[in-house]
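Visitor: Here is my input; please provide its structure:
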Amino acid sequence: SRATRAGREAVSARPRMLPADVLARVVGAVDRIAERGWLGTNPDSVDGLPSLHVNVVTGGVPKYRDVAGATGLGRCVREIFEAVEPHVYGELLPAVRELAGSDTVEVSEVFIRTYG
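Guide: As a prediction, the model looks like this:
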């Protein structure tokens, strides 16, 4: 949503962007990734702790999307992408383009970071 603060526009959180069934699919896939030790562990740039993340889209390109017969991590990441794709590209991206007044805004990164 859009709000004005001190003459500047700000973007606020978008509650319930993902329906409960989609969120359940994503959480299930992330749980499988975590159980198998496949989460990224690069140190976070702010707190230095392991980032515990999984990249779904990098540099505007979905990970593992064109890998035939993806297994393991690739299959989990594809499951996440397929679950969130219509919401990120069909709902969020058009809303951000409208807010920014630009049809050139693109999705660059989609990743999930866990805490704990």
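
Visitor: which stretches of the protein form helices?
Guide: Here the chain has its helices, by DSSP state H, at 20-35, 73-87, 93-100.

Visitor: quick one: least confident helix or strand in the chain?
Guide: The helix or strand of the chain with the poorest confidence is strand 2-5; it has a mean of 50 (mean pLDDT, DSSP states H and E).

Visitor: in the protein, which ranges drop under the pLDDT threshold?
Guide: 1-12, 68-69, 116 (pLDDT under 70).

Visitor: which strand in it runs the most residues?
Guide: The longest strand of the chain (DSSP state E) is strand 53-58.

Visitor: For that strand, what is the distance to the chain centroid?
Guide: Taking the mean of its C-alpha atoms, strand 53-58 sits 7 Å from the chain's own mean (Cα atoms, centre = their mean, to the nearest Å).

Visitor: for it, which positions count as buried?
Guide: Going by neighbour count (16 or more other Cβ atoms under 10 Å), the buried part of strand 53-58 is 53, 54, 56, 57. All C-beta atoms are positioned from the backbone trio N, CA, C, and that covers glycine.
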